[in-house]
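Trainee: I'll drop the sequence and a predicted model, then ask my questions.
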Amino acid sequence: MEYNFSEIEQKWQANWKKNNTYKTEIDQNKPKFYVLDMFPYPSGAGLHVGHPLGYIASDIFSRYKRLKGFNVLHPMGYDAYGLPAEQYAIQTGQHPAVTTKKNIARYREQLDKIGFCYDWSREIRTCEPDYYKWTQWAFIQMFNHYFDTKLQKAQPIASLIKAFETSGTAGIEASCTEEMTFTAGEWKSKVEKDQQEVLLNYRIAYLADLKVNWCPALGTVLANDEVSEGVSVRGGHTVEQRVMRQWSLRVSAYAQRLLDGLGTVEWTESLKETQKNWIGRSEGAEMTFNIKGQDFNFEVFTTRADTIYGVTFMVLAPESELVKQLTTAEQATEVENYVAATKKRTERERIADRRVSGVFSGSYAINPVSGTEIPIWISDYVLAGYGTGAIMAVPAHDSRDYAFAKHFSLPIIPLIEGCDVSEESLDAKEGIMMNSGFLNGLTVKEAIAKAKEYISEKGIGRVKVNFRLRDAIFSRQRYWGEPFPVYYKDDMPYMLDESRLPLELPEIDKFLPTEKGEPPLGRAKNWTNEEGFPLEFCTMPGFAGSSAYYLRYMDPKNDKALVSTEANQYWRNVDLYIGGTEHATGHLVYSRFWNKFLFDLELICEDEPFKKLVNQGMIQGRSNFVYRIKDSNTFVSLNLKDQYETTQLHVDVNIVSNDVLDIDKFKNWLPDYANAEFILEDGKYVCGWAVEKMSKSMYNVVNPDDIVVRYGADTLRLYEMFLGPLEQSKPWDTNGIDGVHRFLKRLWTLFYKEENFIVTDEVPSAEELKILHKTIKKITFDIENFSYNTSVSAFMICVNELFALKCYKKAILEPLVILLAPFAPHISEELYQALGNNESVCDATFPICNEEYLKETSVKYPISFNGKVRFMLELPADMSKEEVEKTALANEQTIKQLDGNAPKKIIVVPGKIVNIVI
RNA sequence: GCCCGGAUGGUGGAAUGGUAGACACGAAGGACUUAAAAUCCUUUGGCUUUACGGCUGUGCGGGUUCAAGUCCCGCUUCGGGUACCA
């Protein structure tokens, strides 16, 4: 019987479905294990061979854990809201729900062919009302809570109101958009609208006028992580700064906890580092500067209070409110022009153009320590959104300040002994202080501490921690997203009652903004609540639906809660999360925030959502090229191309094999090439190649479906793993796949010869047992360490060795099949059944290595001289170090190598190596 | 600029400081076959030698060590992330 993979795979996929093999329920008698993949956005292009890489890895781990006796939760779903479907809708009029549904069906079909062990009964789609009900519900909770900075925890907004009623803002320690002070009396005298406005300043989900990233091409606002280098991450459109009233989530309140939590999770160092930088904690001081001749002061944030004596000017961000207050009459025109010019420029222009620019405000500040007068300037190199939007400039020791000082000929005072600041600034944090009054003679480190102490003692400033992490802008002026459960009364937002959830996305006639420029939901008919108040026009961003999906999988059908306490107590959090690094500063920050918020409300039992996280590398494309002679339809083979003037053109990798072009297929590929002519080498047309991104335009996309048809899913799974280390990026080259396919065929020949099943009940030999147990040990270690490429090699070695021994013994082959089951489940099921088992191989027990079988009786010692191996010497494994040394020295080959010289030193590493130093 | 990763045959890659190149692909040769496919066997880093063998070799330059792809210092280069964050 031949290895008929397509028959076997169809049989077992049907079988698993029929028997609900992968359905998971809570089982208190078994330990749980939760394995999660980052769920995909179902794009119109379908899956290419790079997408399943992480899914295969997590599938192997899930199956392994199940064989190890764990109750494994391994769900899958779809991140179904998103811009591409909506952009497509705008172009074609096709409803995004229709496109999305179609794409999901296609994804599912492709996923099913690979034989994953997902419990599909738990599937979720973020665009389904019974799912997004809980996204809306969480938003309401965020609206109804504020963050107590002292408790470092979310608290009900009702208790804040109570505090306001009894003592105003006195004693309140809460995260807010801007600091407020009022008494209980003042609070009570406010009208409802004003009170609501004040509360927005504290709510975790709040509405505020913010400077936002507005993307005209997409017609929406974007979050910071959706913008890179001044353009949108999706589509690369220009982004400009605008002030708009937008929903935001007070993620920044959780900055410290998000940072601390990183210490408790098993993520890669680089990922944790990226998140740390994104959170950007910096410890420094906020210092107060008085203004010369005015009864007024302002604050700056600095991490280098020790450089206070080197401050030679101050700089305000052009957007800063201080600009108006500090501009003198003489400077007014100049300042106004500068601010106006800055406003006109997009973020991108500002980034691209690093020229120093700025203008003098006319005012002077007083150095609170030295008493010197220092001019206040305005420049766009200071950001309004960070710190206080104003800085004290220390040109000698900050490169940006230095450039500014040089440009405007401002003084530069060096503060570190022996440093030269005539050409460039010295940003170093080492050295001895000078020109610095009471700090002179101290090291920088000492000076920082002493300066901090000094300024808090004298009341000049206070120690302060600043974070780079911004609140997440949560409004999108788009259609295809979760509607906000919000209505407006007297221009103030109010939440719908939870009983009204889900608030379903309404139908609209066109997926475009209204004539008035309102978001698409402005077109919806009767878009009001029961009392007739208008509902919110914006929808939620992409990350809304993905922020708590891992909780929903625990209890996906629950209509009373996001997740029941019982399910949450059992499944707790994700034990293993596999996905790409691209979510480091988006999804992985938002979901941790969301999780912590729900944790504060005691709705879930774990503070961190993802215990261990593995990043799979990208699969790149391997492109092939043909070379067309200029102005002709003649193509020249790679090694002859230098004799001609040629143009390099991409050619579909699917019509190239081992870099040799299939000429007939090429002629049929595109009409232009039907009459192409060729200059061959050795009768072949050899193509050039390069590693590039896998994309349609490079003609290097490989579809997993095609691989499954040609080789089967088990081969695809093994080959994806065999390509290289999971975390590393590597190019896909279909040519190597024959190796793993041959391995499976060879495995098959250990069971079947022609039509006969040849497995016997013979007792295995010591050698066979050693082969098996060596493999068990290696595979177990490799799976635990996600080193799947070496696992596949180990399987190949094992089968090659058993093949050489003609080993057809059940006692060896059955454990091997179980070992292989996580990697190649279909063939393993088939062979496991052939071995006489009625249950699924999924429910077998993972074999355990018995070290007894691995014991060696002898060791082949490499005998080296000055580190160079000259010959091998086989000695008993239990021979003592001294004996080994003696035997090695007595060997005639050693004597020959020594050539009469006496060895200076002999190193014997028992069981490993002998090194003789001459 | 800053922060992370990498760099090993023609290719993908392997190697707790202990025989570099496992395992595969490709290539070459052979067996089987009328032939092809499939399968099986042999060789395969480079240079050198009829052969035994020798020399050389993990991006570059130093160092530590009996022994370095692996550890340390200084570069080169390619990816990825991030950026007027005071």
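Mentor: Done, it's in.

Trainee: Can you name the residues of the stretch 601-750 of chain A that neighbour RNA strand B?
Mentor: Residues of the stretch 601-750 of chain A lying close to RNA strand B (Cβ under 7 Å from any atom of the strand) are A:658, A:722-725, A:728-731, A:733, A:735-736, A:738-740, A:742-743, A:745-746. Placement of C-beta: from N, CA and C, glycine included.

Trainee: So which of those are in strands?
Mentor: Among those, the members falling in strands are A:K730, A:P731 (criterion: DSSP state E).

Trainee: What's the PyMOL line that selects buried ones from the residues of the stretch 601-750 of chain A next to RNA strand B?
Mentor: Entered in PyMOL, the line below selects the buried ones among these, by 16 or more other Cβ atoms under 10 Å:
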select buried, chain A and resi 722+723+730+731+733+740+743
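
Trainee: out of the residues of the stretch 601-750 of chain A next to RNA strand B, which are inside helices?
Mentor: Those of these mapping onto helices are A:F722, A:D738, A:G739, A:V740, A:R742, A:F743, A:K745, A:R746, per DSSP state H.

Trainee: ok, the third one - contacts?
Mentor: Pointing back at A:G739 there. Applying Cβ atoms under 8 Å, 6 or more residues apart in numbering to A:G739 gives the contacts A:F722, A:M796.

Trainee: ok, now how distant is it from A:Y788?
Mentor: Distance of A:G739 to A:Y788, given as Cβ to Cβ, to the nearest Å: 15 Å.

Trainee: How are the strands of the stretch 801-918 of chain A distributed by residue range?
Mentor: A:858-865, A:868-876, A:905-909, A:913-917 (DSSP state E, counting those that start in this stretch).

Trainee: nearest to A:F182, of these?
Mentor: With Cβ to Cβ as the criterion, A:F182 lies closest to strand A:905-909 of the strands of the stretch 801-918 of chain A, at 76.6 Å.

Trainee: circling back to that earlier point, turn the strands of the stretch 801-918 of chain A into JSON lines, including mean neighbour count.
Mentor: Formatted as JSON lines, those follow (neighbours: other Cβ atoms under 10 Å):
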{"stretch": "strand A:858-865", "mean neighbour count": "16"}
{"stretch": "strand A:868-876", "mean neighbour count": "13"}
{"stretch": "strand A:905-909", "mean neighbour count": "14"}
{"stretch": "strand A:913-917", "mean neighbour count": "19"}
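
Trainee: Distance to RNA strand B and mean pLDDT for the ones you listed - can I get that in CSV?
Mentor: Putting these into CSV (distance: least, Cβ to the nearest atom of the strand, whole Å; pLDDT from 0 to 100) gives the following:
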stretch, distance to RNA strand B, mean pLDDT
strand A:858-865, 4, 87
strand A:868-876, 4, 86
strand A:905-909, 4, 88
strand A:913-917, 4, 88
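
Trainee: Mind putting those strands into a markdown table with distance to A:H51?
Mentor: Shown next, in a markdown table, are the strands of the stretch 801-918 of chain A (distance: least, Cβ to Cβ, whole Å):
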| stretch | distance to A:H51 |
| --- | --- |
| strand A:858-865 | 45 |
| strand A:868-876 | 46 |
| strand A:905-909 | 46 |
| strand A:913-917 | 45 |
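
Trainee: And these: which comes nearest A:R108?
Mentor: Of all the strands of the stretch 801-918 of chain A, strand A:858-865 comes closest under Cβ to Cβ, at 53.4 Å.

Trainee: Distance from the chain centre to that closest one, please.
Mentor: Averaging C-alpha positions (Cα atoms, centre = their mean, to the nearest Å) puts strand A:858-865 47 Å from its chain's average.

Trainee: which stretches of the stretch 251-400 of chain A form strands?
Mentor: Using DSSP E, counting those that start in this stretch, strands in the stretch 251-400 of chain A cover A:281-291, A:297-302, A:313-316, A:359-366, A:373-378, A:390-393.

Trainee: Give the pairing partners of the last one; include direction for each.
Mentor: Translated: strand A:390-393. strand A:313-316 (antiparallel) (DSSP bridges).

Trainee: Can you give the contact residues for the strand it pairs with?
Mentor: Residues outside strand A:313-316 that contact it (Cβ under 8 Å, 6+ apart): A:289, A:300, A:322-323, A:326, A:358, A:361, A:365, A:374-379, A:381-382, A:389-393, A:395, A:401, A:404-405, A:410.

Trainee: filter those residues to the buried ones?
Mentor: Buried members of these, scored by 16+ other Cβ under 10 Å, are A:289, A:300, A:322-323, A:326, A:358, A:361, A:365, A:374-379, A:381-382, A:389-393, A:395, A:401, A:404-405, A:410.
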